[in-house]
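Participant: Sharing a model prediction with you, sequence too.
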Amino acid sequence: MVDTELGRLTMVADGSALTAVYFPHHWHLPPETEYGEPTAADDPVFVQAARELDEYVAGDRREFDVEIATSGDDFSERVWAMLREIPYGETTTYGELARRLGNPRLAQRVGQCVGRNPISVIIPCHRVIGADGSLTGYAGGLDRKRRLLEIEEPPEVSDARLF
């Protein structure tokens with residue numbers, strides 16, 4: 001467990017690579033037996049990840065430098081790679097990701113992969129919204145998803161909001 005500006009997060013690493021960032025009450029936690037040996041929160045990977053997450057929340061970081069590694073099936077890896085391509089401050093839809101994969105009928109399967117993203121925020125699954133522009137499910141909760149999207153809002157958009 002590592003304390004960040006986003007709250008207390010469970011982080012998992014394998015050597016020098018961050019392999020998971022989970023919010024409290026995350027939907028799809030792996031079994032604790034897959035976490036490996038408990039490591040102190042002062043581990044360099046966790047320190048770097050927490051620092052970069054805090055800089056992101058403060059608006060001082062748009063991209064993450066911490067080394068990451070995922071280990072999903074081929075389809076999940078393709079979806080997670082596409083999530084990393086969504087530019088800061090922009091959103092896309094599950095359907096658009098499915099279309100980019102070559103089959104718009106894969107939107108639900110894309111959504112399942114997005115929901116199982118093991119490295120929250122750093123792999124920006126919060127940038128995926130519903131086809132109608134609505135905020136859809138987020139393992140960290142919709143309030144947190146809204147907050148992450150607000151962090152990335154261009155100033156002209158946030159300044160135009162009435163409240």
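Facilitator: That came through, no problem.
Participant: ok, residues contacting the helix or strand where Lys145 lies?
Facilitator: Here Lys145, judged by DSSP states H and E, is contained in helix 142-152. Residues outside helix 142-152 that contact it (C-beta atoms under 8 Å, 6 or more residues apart in numbering): 6, 23, 56-57, 59, 88-89, 91, 121, 124, 126-127, 135, 138, 158. Backbone N, C-alpha and C define where each C-beta goes, glycine included.
Participant: buried ones in that helix?
Facilitator: Arg144, Lys145, Leu148, Leu149, Ile151, Glu152 (16 or more other C-beta atoms under 10 Å).
Participant: Averaged pLDDT, the longest helix seen in the chain. What do you get?
Facilitator: The residue-count maximum for a helix in the chain (DSSP state H) belongs to helix 44-57. Mean per-residue pLDDT for helix 44-57: 94.
Participant: Over to stretch 96-110?
Facilitator: So the average pLDDT for stretch 96-110 ends up being 95.
Participant: Just the CA atoms of that stretch, as PDB, please.
Facilitator: Taking Å, rounded to 0.1, in the frame of the first residue of the first chain, the C-alpha atoms of stretch 96-110 are listed here in PDB:
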ATOM      1  CA  GLU A  96     -14.100   3.600 -31.300                       C
ATOM      2  CA  LEU A  97     -11.400   1.300 -29.800                       C
ATOM      3  CA  ALA A  98     -13.300  -1.700 -31.200                       C
ATOM      4  CA  ARG A  99     -13.500  -0.100 -34.600                       C
ATOM      5  CA  ARG A 100      -9.700   0.500 -34.400                       C
ATOM      6  CA  LEU A 101      -9.300  -3.200 -33.700                       C
ATOM      7  CA  GLY A 102     -11.300  -3.900 -36.900                       C
ATOM      8  CA  ASN A 103     -14.600  -5.000 -35.500                       C
ATOM      9  CA  PRO A 104     -17.100  -2.500 -34.000                       C
ATOM     10  CA  ARG A 105     -19.000  -5.500 -32.400                       C
ATOM     11  CA  LEU A 106     -16.100  -6.000 -30.000                       C
ATOM     12  CA  ALA A 107     -17.000  -2.900 -27.900                       C
ATOM     13  CA  GLN A 108     -18.200  -5.000 -25.000                       C
ATOM     14  CA  ARG A 109     -15.100  -7.200 -25.000                       C
ATOM     15  CA  VAL A 110     -13.000  -4.000 -25.200                       C
END
